[in-house]
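Enquirer: need the 3D shape of this:
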Amino acid sequence: MKNFINLINFRLLLLHFLATWLISCASQIIVKMWFTDFLEEYHQAANKWDIIEKYNGFLFLLYLSIGALTGLLLSFSISLYIVIKQKWGWAHSVLLFWILFILILYDKTGAKYSEVIPNKFGYLSYLIINAALLITLALPIFFSGRINKFIALGSRLKS
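Expert: Alright, predicted model coming up:
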């Protein structure tokens with residue numbers, strides 16, 4: 001067990017988890033862009049069940065889950081590419097995928113807390129700005145040379 005823990009690069013797991021979470025949340029926000037009419041009426045309505053029935057709100061929840069999984073698969077492929085290229089061990093990306101998949105499955109990602117910019121310019125622009133901000137924060141975590149050097153310092157697995 002001790003040898004297994006020595007093989008885990010915790011810097012890699014932490015930073016790629018953060019980037020994967022950001023991309024997954026951004027993809028959920030992008031899905032919300034297609035449902036702006038539904039969301040605007042839903043937030044203003046007194047009887048929310050009427051709005052859910054009018055716009056088929058359950059389909060919205062399905063698409064939101066599919067969006068989260070799409071973001072997870074996209075960031076998993078980016079993480080796997082980087083990990084294989086740097087020879088850090090592909091099991092890190094697979095472990096990360098399964099952890100986030102379980103969190104998405106049980107809706108424990110905290111995606112509602114990822115919308116950080118206040119809504120001042122309209123709901124659609126609010127969604128666009130938040131998604132762009134999350135993607136802008138996530139991509140440098142994956143592709144920055146300084147961050148990759150920081151991860152490499154914590155790497156104990158060199159093939």
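Enquirer: tell me the SS of the residue nearest the centre of the chain?
Expert: Residue closest to the mean C-alpha point of the chain, counted by CA atoms, centre = their mean, is S24 at 2.1 Å. Under DSSP: H, G, I helix; E, B strand; the rest coil, S24 falls in the helix class.
Enquirer: isn't it up against I78?
Expert: No - in this structure S24 lies outside contact range of I78 using CB atoms under 8 Å: 12.0 Å. Glycine gets a C-beta too; all of them are placed from N, C-alpha and C.
Enquirer: S27 versus the closest residue to T20 other than its chain neighbours, what's the distance?
Expert: Residue nearest to T20 in three dimensions, not counting chain neighbours: S75, with 4.1 Å by CB to CB, 6 or more residues apart in numbering. From S75 across to S27, the span is 9 Å (CB to CB, to the nearest Å).
Enquirer: more neighbours: which of the two?
Expert: The residue with more neighbours, out of S75 and S27, is S75; 28 against 25, by other CB atoms under 10 Å.
Enquirer: what's the pLDDT at the more buried one?
Expert: S75 is assigned a predicted lDDT (pLDDT) of 95.
Enquirer: ok, it touching S24?
Expert: Yes - using CB under 8 Å, S75 is in contact with S24, at 6.7 Å.
Enquirer: residues shared between the contacts of the two?
Expert: By CB atoms under 8 Å, 6 or more residues apart in numbering, S75 and S24 have no common neighbours.
Enquirer: would you check that F58 makes contact with I52?
Expert: Yes - judged on CB under 8 Å, F58 makes contact with I52 at a distance of 7.2 Å.
Enquirer: neighbour count: those two, which is higher?
Expert: I52 (17 against 10).
Enquirer: for that one, give me its contacts.
Expert: Residues near I52 by CB under 8 Å, 6+ apart: 42, 58.
Enquirer: any chance you could map the helices in this protein?
Expert: For the chain, applying DSSP state H gives helices covering 2-7, 10-33, 36-44, 48-55, 57-86, 91-105, 123-143, 145-154.
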